[in-house]
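Chemist: Compute the structure for the input listed below.
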Amino acid sequence: MELSDLRRRPDVSAPGLEASDAADRLILDEARPFVDALVADLGATAAGARVAVIGDTHGALALGTAAAHGLRGIRVHQDALLGERAIAENARRVGFADAVRVLPAEAALVEGARVVLLRLPRSLDALDEVAALIAEYADDDVVVVAGGRLKHMSPAMNHVLLRHFGRVDVSHARQKSRVLVVREPHPAGMGAITGPDAAWPRRAHDDELDIDIVSHGGAFAGTSVDIGTRFLIAELPVAIGGERPERAIDLACGTGVVAVALARLLPAAQVEAYDQSAVAVRSARETAEANGVADRIRVERADALELVGDGIADLVVLNPPFHAGGALTTALAERLFADAGRALRPGGRLVTVWNSHLRYRQALQRLVGPTRQIARNPKFTVTVSTRL
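Modeler: Predicted coordinates for the structure are as follows:
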């Protein structure tokens, strides 16, 4: 198998987005001696179960390791649902369906692992939470081979890792990529930060919105509320007007603050929240619980609105992402607009906030229906699109 055999499908495709890159190749090369030693010690049949791969975008690390060493049963976690599905589809297509086991980011993912291949997340919080998980549950002799593109790495990553491990070695750069080789996990709590930010998830209260926010590492905006979402929430009463929708949806829900705002604004409505990020879904569920509305908000991990039938939603609220990985793209937002248009009933409305320079109005009118601006500030625009 060659890495060039891998595809992003069903994940979004756009210029500059590939199923593998130079960082994946460097991680595989740097991990090879550690996996070779593991195979020599346990044999290929048993070694696969002691390898874990985290953050593998579309299967390059897991399938590359399986192909190079003849391993099966490698444990894999990918936060993004479309990336997770791409790994499974690539595994089937190249004949390695039994090479990977997809698991959530919990103890079973890394328990007893002796080699972990990690694609470094850009979020330091995400790195802190995953490093804590590995340090607590992996083998005492675990080696973590963590890498990424230089433009997305910083010395702060070393400091985060050293909260949970005793040793971080830095590789030479190659093709604008670098690897950190991490060893000597600390006992739980040793070397870690203390105080209110010592454990995951993190919690904070937003005084302006009067919402308690719960966030796992890597959730968009963490325990803060980004300025676009804050602007959107402020305009919800105007956007909804005198209507009282029965089925309201927070699409791409993040930590769930919009879902909580909807539940409070619409006490008789069924509120649903969807995100393809596993971290977002965990955070949103716990945010709903922290605000006493968990019984009124259904939170699910899903690709857009795939769990919602055609023409049945009254209201969809969306702050769309505008990047995939490190690439800026409008493809993600337009995909969400189209699915919202499919799910809305005639007369149903999509309320959207977007960076004004992206000029989404034409796409909204084409994919949903007539679109009017209800608010604008120097950076953001809030629109309401009505399904015909």
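Chemist: Which strands and helices lie in contact with the host helix or strand of residue 65?
Modeler: Element membership for residue 65 (DSSP states H and E) is helix 60-69. Applying 3 or more CB pairs under 8 Å, 6 or more residues apart in numbering; DSSP states H and E, one finds that helix 60-69 contacts helix 22-42, strand 51-54, strand 74-77, helix 81-93, strand 100-102, strand 115-119. Where C-beta positions appear, they are placed from N, C-alpha and C, glycine not excepted.
Chemist: how about a markdown table for the ones you listed, with mean neighbour count added?
Modeler: Listed next are the helices and strands packed on helix 60-69 as a markdown table, based on neighbours: other CB atoms under 10 Å:
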| stretch | mean neighbour count |
| --- | --- |
| helix 22-42 | 19 |
| strand 51-54 | 28 |
| strand 74-77 | 25 |
| helix 81-93 | 20 |
| strand 100-102 | 19 |
| strand 115-119 | 26 |
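Chemist: Make JSON lines out of those and add mean pLDDT and distance to residue 373.
Modeler: Below are the helices and strands packed on helix 60-69 laid out as JSON lines (pLDDT from 0 to 100; distance: least, CB to CB, whole Å):
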{"stretch": "helix 22-42", "mean pLDDT": "98", "distance to residue 373": "41"}
{"stretch": "strand 51-54", "mean pLDDT": "98", "distance to residue 373": "42"}
{"stretch": "strand 74-77", "mean pLDDT": "98", "distance to residue 373": "41"}
{"stretch": "helix 81-93", "mean pLDDT": "95", "distance to residue 373": "31"}
{"stretch": "strand 100-102", "mean pLDDT": "96", "distance to residue 373": "42"}
{"stretch": "strand 115-119", "mean pLDDT": "98", "distance to residue 373": "39"}
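Chemist: Nearest approach to residue 248 belongs to which of those?
Modeler: helix 81-93 (22.0 Å; CB to CB).
Chemist: The closest one vs helix 60-69, what angle?
Modeler: Interaxial angle, helix 81-93 versus helix 60-69 (axes from the mean of the first three to the mean of the last three CA atoms, to 10 degrees): 20 degrees.
Chemist: who does the residue nearest to residue 365 when sequence neighbours are not counted bridge with?
Modeler: Excluding the flanking residues, the one nearest residue 365 by CB to CB, 6 or more residues apart in numbering is residue 371, at 4.8 Å. Assessed by DSSP bridges, residue 371 has beta-bridge partners residue 385.
Chemist: Could you do the one 10 residues further on as well?
Modeler: For residue 381, the beta-bridge partners are residue 354, residue 376 (DSSP bridges).
Chemist: How many neighbouring residues does it have?
Modeler: 21 (other CB atoms under 10 Å).
Chemist: ok, now how distant is it from residue 50?
Modeler: Using CB to CB, to the nearest Å, we find residue 381 at a distance of 51 Å from residue 50.
Chemist: can I see the domain layout of this protein?
Modeler: Following automatic domain parsing, one finds the domains of the chain at 3-185, 202-386.
Chemist: Next, the distance between the ends of the shortest one.
Modeler: Looking back up the chat, that one is domain 3-185. Using CA to CA, to the nearest Å, one end of domain 3-185 lies 31 Å from the other.
Chemist: Strands of the stretch 201-350 of the chain, start to end?
Modeler: 202-206, 211-215, 247-251, 270-275, 297-301, 313-318, 323-324, 327-328, 344-355 (DSSP state E, counting those that start in this stretch).
Chemist: Pipe the ones you listed into JSON lines and attach mean pLDDT and distance to residue 237 per row.
Modeler: Below are these laid out as JSON lines (pLDDT from 0 to 100; distance: least, CB to CB, whole Å):
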{"stretch": "strand 202-206", "mean pLDDT": "97", "distance to residue 237": "18"}
{"stretch": "strand 211-215", "mean pLDDT": "98", "distance to residue 237": "16"}
{"stretch": "strand 247-251", "mean pLDDT": "98", "distance to residue 237": "13"}
{"stretch": "strand 270-275", "mean pLDDT": "97", "distance to residue 237": "16"}
{"stretch": "strand 297-301", "mean pLDDT": "98", "distance to residue 237": "19"}
{"stretch": "strand 313-318", "mean pLDDT": "98", "distance to residue 237": "12"}
{"stretch": "strand 323-324", "mean pLDDT": "47", "distance to residue 237": "30"}
{"stretch": "strand 327-328", "mean pLDDT": "50", "distance to residue 237": "32"}
{"stretch": "strand 344-355", "mean pLDDT": "97", "distance to residue 237": "11"}
